[in-house]
Every structure is written in structure tokens, then in C-alpha cells.
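Colleague: quick one, structure for this:
(one chain, ligands or ions: 2)
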Amino acid sequence: MKYKPSNRNLITGGAGFLGSHLVDRLMEKGEEVICLDNYFTGRKKNIEQWIGNPRFELIRHDVTEPITLEIDRIWHLACPASPIHYQSNPIKTSKTSFLGTYNMLGLAKRANAKLLLASTSEVYGDPEVHPQPESYWGSVNPIGIRSCYDEGKRIAETLCFDYQRMHGIEICVMRIFNTYGPRMMIDDGRVVTNFIVQALKGKSLTIYGDGKQTRSFCYVDDLIDGMINVMNWEGIGPINIGNPEEFTILELAKLIRAKINPKLEFIFKPLPQDDPMQRRPLIQKAIKHLNWSPKINLEKGLDETILYFKNLDKNSS
Ligand code: NAD
Ligand code: UDP
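Modeller: Residues are numbered from 1 along each chain as shown. Ligands and ions are numbered 1, 2, ... in the order given. Model (predicted):
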């Protein structure tokens with residue numbers, strides 16, 4: 001499918017971290033955007049700059065309930081992404097992943113729209129193959145505290161591929177690896193925000209386990225570029241989008257501490273159950289098919305993110 005500038009876009013989870021950056025990008029391109037959100041982890045503030053614009057509409061709705069709309073493309077992002085939030089009501093998280101994706105695929109079928117699913121590296125679980133290619137089927141605990149999210153995204157992927165095979169629906173599945181940047185909530189709970197917020201408050205940084213587990217961190221601007229390329233692509237995926245630079249959590253903590261306050265201490269806390277020990281995307285598929293690779297390294301992305309949280313602090317005081 002070719003990118004049509006007059007397309008009507010539905011962004012589920014559009015008031016959240018990634019969703020609101022996508023709203024900005026599509027609005028700046030002059031497109032029509034419907035932002036749909038139930039505000040579980042999103043905020044109106046993230047998209048308030050577009051309220052009143054005739055190309056923008058805001059709908060408070062829960063994707064676990066069906067909805068009828070006239071749209072051409074569905075960017076299906078609705079789902080809490082931070083472990084503390086998705087674990088706070090795990091049954092709701094499973095419902096959001098399954099029923100939400102089912103409802104959005106039903107809408108895609110009725111409206112003849114293309115659907116992009118924001119899936120996740122969590123479908124690889126605690127991976128035994130490292131780095132992770134799209135062909136790896138993963139190592140996921142089906143009954144643990146992360147399962148509502150991991151298995152939820154796996155069944156969401158399954159639904160997409162079955163709608164594509166049974167009904168010829170246009171889909172694309174992108175697997176997003178840890179992404180960070182401005183507009184993450186102060187109480188988001190994910191590691192980059194936790195460390196930055198703790199350091200700015202002069203508190204010790206909380207390291208879970210020994211900090212030797214790894215993650216690969218992608219800056220939000222790179223991720224949104226990748227997401228738009230995935231939607232414009234003819235392929236269906238799955239396709240990894242993330243930054244292949246890998247860091248231990250201890251390295252991340254040291255980097256953030258050095259940038260904010262080198263005197264701060266670390267406190268070590270127990271590693272949560274099923275916390276993956278390593279994670280790094282193979283992005284050859286994205287390089288080959290989308291001509292996409294991340295441009296912003298962790299140093300620069302952290303500087304932008306720290307600046308955002310510093311200003312947030314100033315504005316609220
Ligand atoms: P986020 O929590 O900031 O945004 C999720 C948005 O979805 C929020 O605005 C929330 O209110 C909304 N939402 C949740 N449940 C809903 C429901 N039932 N109905 C309607 N809206 C609902 O998270 P994010 O980091 O922006 O993640 C967006 C998407 O990308 C999620 O699907 C997530 O699984 C995926 N993803 C993100 C990352 C990352 O590192 N940020 C990594 C992998 C996958
Ligand atoms: N983590 C940590 N301290 C924190 C928050 C997270 O050490 O304050 C660790 C967490 O145990 C995990 C990694 O950082 O190993 C990434 O956690 P996050 O919740 O950001 O994302 P995910 O585990 O879903 O990749």
C-alpha cells in the first residue's frame with residue numbers, strides 16, 4: 001500500500017507516550033488523525049496542542065469495546081507498556097491485547113483499512129537466542145506475572161496473521177524494543193524514567209538484581225520514523241524496530257548518574273520474576289526493507305530526555 005497524504009488515521013493509545021509522538025508526526029504532515037484512548041496510562045496533555053484543529057479528533061473509548069469509524073489506517077498502540085502498569089490489572093491487560101486487537105481488526109475489515117500492530121520484543125520472552133531475529137519463536141512463561149503482556153501481544157500477533165490469511169486484511173506487525181524519550185510519565189516505572197527521576201530528586205538509583213541484565217534503548221524519534229516506514233511498507237512482518245546498541249542496566253545507571261549527579265548511590269533490589277536477562281534486536285530486515293536504522297545514540301537521547309524531565313520539574317514548581 002502506498003502512503004496517501006489524505007489518509008484518515010486512527011491511533012489507538014494516541015494519548016500515550018509513543019502514540020502522542022505519532023499524532024504529532026502525522027498532524028505535522030497535514031493528515032487527518034483520530035486519537036482514541038481510555039487514559040489508563042495516557043494523558044490529554046500529550047495531545048492538547050492539537051485540540052481544536054479541524055484535522056484532529058479525540059475520542060475517549062476503551063478498545064475492549066467495539067467501535068465503528070470511517071478510517072483508512074489503524075495504528076494500534078493501545079496497551080499499557082510499563083511492567084508496573086500492565087501488572088496492576090493483568091486480566092485487563094490480557095483483555096486489552098486480545099479483545100482490543102480483535103475489535104480493531106474487525107474495524108479494519110469493515111472499513112477496508114490497513115492495521116499496524118505495535119507488538120513488542122517481549123514476544124521473545126527471556127530469549128535463548130541472542131541477539132533476537134524475527135524468526136525466533138521466543139521463550140515465554142505462559143503463567144508468570146509478565147504473561148498478561150507477553151502472551152497478550154503474542155495472541156494479538158496471531159490474530160493479525162489469521163485476519164490476513166482468512167480475510168485478506170492488510171496488516172503489518174512491528175516488534176518494538178525498549179523505547180524512551182520525552183513524555184514518558186514521571187511514574188512510568190520503566191528503567192530510563194525511574195533512573196532519571198530518581199537522580200533529579202537526589203535519590204539513590206534502584207537497580208533490580210545485579211544490574212548485569214541487558215537492554216537496547218531506542219530514542220522515540222527514531223522509533224516513530226521506523227513505525228511510519230513499517231506502515232508504508234508492502235510487507236506484513238513481523239519486523240524488529242529498535243536500537244541494536246546493548247547496555248547492562250548497571251551501565252545505564254552509571255551513565256545517567258554521571259550526567260545528573262555523580263555522587264548518588266545505587267541500591268540493589270530483588271530482580272522481578274521472569275525479568276529477561278538479555279535483549280538486543282537484529283535489525284537487518286528493517287535496514288533491507290525499510291532502509292531504516294536508528295540515528296540517535298543513547299548519550300544524545302538521554303540528554304534530550306533529561307532536559308525534558310528537568311523542564312517538567314521547573315514548570316511544576
Ligand atoms: P503508554 O502506556 O504510554 O501508552 C499506551 C496508551 O494506550 C495509553 O495512552 C493508554 O491510556 C492507552 N490504553 C491502554 N489500554 C487501553 C484500552 N483498553 N483502550 C484504549 N486505550 C488504552 O505506552 P507506550 O510506551 O506509548 O506504548 C505504546 C504501544 O507500544 C503499546 O502497545 C506497547 O505495548 C508498545 N510497545 C512499547 C514499547 C516501549 O518501549 N515504549 C516497547 C514495546 C512495545
Ligand atoms: N529496572 C531496574 N530498576 C528500575 C526499573 C527497572 O533495574 O528502577 C530493570 C528491570 O528489572 C529490567 C530493566 O531494568 O531488567 C528494564 O526494565 P523496564 O521495566 O524498563 O522494561 P522491560 O523489563 O519491560 O524491558
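Colleague: alpha carbons only for contacts and neighbour counts from here, please
Modeller: Fine.
Colleague: tell me where this protein has strands.
Modeller: Using DSSP state E, the strands of the chain run over 8-12, 32-37, 56-60, 73-76, 114-120, 171-176, 179-180, 205-208, 214-216, 218-219, 239-241, 246-248, 266-269.
Colleague: average model confidence for the longest one?
Modeller: The one in question is strand 114-120. If you average the pLDDT over strand 114-120, you get 98.
Colleague: what of the first one?
Modeller: Mean pLDDT, computed over strand 8-12, is 98.
Colleague: which strands or helices does it pack on?
Modeller: When contacts are defined as 3 or more CA pairs under 8 Å, 6 or more residues apart in numbering; DSSP states H and E, strand 8-12 packs onto helix 17-28, strand 32-37, strand 73-76.
Colleague: which one of the ones you listed lies nearest to ligand 2?
Modeller: helix 17-28 (13.6 Å; CA to the nearest ligand atom).
Colleague: buried stuff in the closest one?
Modeller: Within helix 17-28, the residues that count as buried by 16 or more other CA atoms under 10 Å are F17, L18, G19, S20, H21, L22, V23, D24, R25, L26, M27.
Colleague: contacts for that helix, please.
Modeller: 11-14, 32-33, 35, 42, 46-47, 55-56, 77, 182-185, 220-221, 224 (CA atoms under 8 Å, 6 or more residues apart in numbering).
Colleague: one more time with 6 Å, if that's ok
Modeller: G13, G14, N46, R183, M184 (CA atoms under 6 Å, 6 or more residues apart in numbering).
Colleague: dump the buried residues of helix 17-28 to a markdown table, plus distance to D303.
Modeller: Shown next, in a markdown table, are those (distance: CA to CA, whole Å):
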| residue | distance to D303 |
| --- | --- |
| F17 | 18 |
| L18 | 18 |
| G19 | 22 |
| S20 | 20 |
| H21 | 18 |
| L22 | 21 |
| V23 | 23 |
| D24 | 21 |
| R25 | 21 |
| L26 | 25 |
| M27 | 26 |
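Colleague: max pairwise distance over the residues you listed: which two?
Modeller: F17 and M27 (15.9 Å; CA to CA).
Colleague: can you say which of the strands of the chain is packed in most?
Modeller: strand 239-241 (a mean of 28; mean count of other CA atoms under 10 Å).
Colleague: separation between the residue nearest to L107 when sequence neighbours are not counted and N9?
Modeller: Once flanking residues are discounted, L107 sits nearest to T68: 6.6 Å by CA to CA, 6 or more residues apart in numbering. For T68, the distance to N9 (CA to CA, to the nearest Å) stands at 14 Å.
Colleague: ok, L115 next?
Modeller: 10 Å.
Colleague: between the two, which contacts overlap?
Modeller: By CA under 6 Å, 6+ apart, the residues touching both L115 and N9 are R73.
Colleague: report the buried residues of stretch 87-98.
Modeller: For stretch 87-98, by 16+ other CA under 10 Å, it's Q87, P90, K92, T93, S94, K95, T96, S97, F98.
Colleague: hang on, I meant stretch 281-297
Modeller: P281, L282, I283, Q284, K285, A286, L290, W292, S293, P294.
Colleague: try stretch 131-145
Modeller: Q132, P133, E134, G138, V140, I145.
Colleague: pLDDT value on the last one, please?
Modeller: According to the model's per-residue confidence, I145 sits at a pLDDT of 97.
Colleague: gap between the worst-scoring helix or strand of the chain on mean pLDDT and the chain center?
Modeller: Lowest on mean pLDDT, DSSP states H and E among the helices and strands of the chain sits helix 298-316, with a mean of 91. Between the centre of helix 298-316 and the centre of its chain there are 19 Å (CA atoms, centre = their mean, to the nearest Å).
Colleague: who's in contact with that helix?
Modeller: Among residues not part of helix 298-316, those counted as contacts by CA under 6 Å, 6+ apart are G181, P182, Y219.
Colleague: please list which of those residues also come close to ligand 1.
Modeller: Among those, proximity to ligand 1 is found for none (CA under 6 Å from any ligand atom).
Colleague: pLDDT and distance to R154 added to the residues you listed, as CSV?
Modeller: As requested, the contacts of helix 298-316 are exported to CSV (pLDDT from 0 to 100; distance: CA to CA, whole Å):
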residue, pLDDT, distance to R154
G181, 98, 26
P182, 97, 28
Y219, 98, 24
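Colleague: burial count for the nearest residue to D72 once chain neighbours are set aside?
Modeller: Distances taken as CA to CA, 6+ apart place A113 nearest to D72, at 4.4 Å, with adjacent residues excluded. Around A113 sit 24 other residues, with neighbours defined as other CA atoms under 10 Å.
Colleague: right, I'll call it a day here.
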